[in-house]
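> quick one: sequence plus predicted model below, questions after.
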Amino acid sequence: MSNMLAPSGIVDYVEHSALDKVALPQARLWVMAIIGGMFISLGGLLALVVAGGSPGLAASNPGLQKFVFGAVFPMGFIAVVLTGVDLFTSNCATQMVPLQRARIDLATVARVWSVSYLGNFVGALLTAWAFAYMTGIFKPGEPATNFLLNVAHHKLENPFITTFFKGMLANILVCVAAWQAYSAKDTLGRMMAIWLPVMAFVALGMEHSIANMFFIPAAMLMGLDASFGDFLLHNLLPATLGNIVGGALVIGLPYAWIYQPSGDQH
């Protein structure tokens, strides 16, 4: 037997998984989303400490520092997929399959997306406060703290359209990672399938709305000169819109249409 699913099998798997999520009681989906936001944030925390704690590497080989930053970040998304919790950005693609196949309606998609997004936000904010700030990992003036502040400042200074397109590419790669993970039937295969695309979007400096729910509030707790309104308008809104377009319109709907069930090839 093959140890991986064919592309059509991936789409069918995604449909079943998305429908299972739709059927969950609201309270369970909330808890799954909060944990999902926490896991993504913990991957971001690790990446900040490892890459940010390497100022000599940044000075001598900035490309390698970006690779290191991207290389450890996928821990969070691997945990989300392997433990079965919830992430808004991958839902942008997965919920499109049953929608395209007329198994659910737009109102149902909006409900799942809303709970997922807000739950991820709660998990990310809690992680920023409890595990980035209250643990004392980031101390004033230390390299990792300066790195965090620089990352957050850069995310807030881009034009709206730039952040939108960075958000679009980020979620194309995240959803490709999810699709590839679903193709594998073993743990190591799923981990490797996730790692490369997620590493790529982070190393490239793209914008993932859920990760930014951690990065920027954590930097604000460490003294970043920005308001919550700045965060929402100058980063989170365009990043979220880009994530939706990249996940839903570039990955989810096209794959649902390409690999329609046999007998439904219109």
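That came in fine, so what should we check first? Numbers count the residues shown, from 1 in each chain.
> confirm that Ser2 sits in a strand.
No - read with DSSP: H, G, I helix; E, B strand; the rest coil, Ser2 is coil and lies in no strand.
> pLDDT wise, what is it at?
Note on Ser2: pLDDT of 71.
> so what's it up against?
By C-beta atoms under 8 Å, 6 or more residues apart in numbering, no residues touch Ser2. For glycine as for every other residue, the C-beta is placed from the backbone atoms N, C-alpha and C.
> where are the low-confidence patches of the stretch 151-266 of the chain?
By pLDDT under 70, the low-scoring segments of the stretch 151-266 of the chain are 262-266.
> what segments of it are helices?
Ranges of helices within the stretch 151-266 of the chain are 160-183, 187-203, 209-221, 228-231, 237-244, 253-258, based on DSSP state H, counting those that start in this stretch.
> among the ones you listed, which is nearest Met75?
helix 187-203 (9.2 Å; C-beta to C-beta).
> relative to the whole chain's centre, how far out is that closest one?
In terms of C-alpha atoms, centre = their mean, to the nearest Å, the centre of helix 187-203 is found 12 Å from the chain centre.
> do stretch 57-66 as well
On the basis of C-alpha atoms, centre = their mean, stretch 57-66 sits 24 Å off its chain's mean C-alpha point.
> may I have it exported as PDB, CA atoms only?
The C-alpha trace of stretch 57-66 is given here as PDB (Å, rounded to 0.1, in the frame of the first residue of the first chain):
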ATOM      1  CA  LEU A  57      25.300  35.600  12.500                       C
ATOM      2  CA  ALA A  58      23.000  38.500  11.500                       C
ATOM      3  CA  ALA A  59      26.000  40.700  10.900                       C
ATOM      4  CA  SER A  60      28.100  38.200   9.000                       C
ATOM      5  CA  ASN A  61      25.400  36.200   7.100                       C
ATOM      6  CA  PRO A  62      21.900  37.700   7.300                       C
ATOM      7  CA  GLY A  63      20.500  35.200   4.800                       C
ATOM      8  CA  LEU A  64      21.500  32.400   7.200                       C
ATOM      9  CA  GLN A  65      19.900  34.100  10.100                       C
ATOM     10  CA  LYS A  66      16.600  34.300   8.100                       C
END
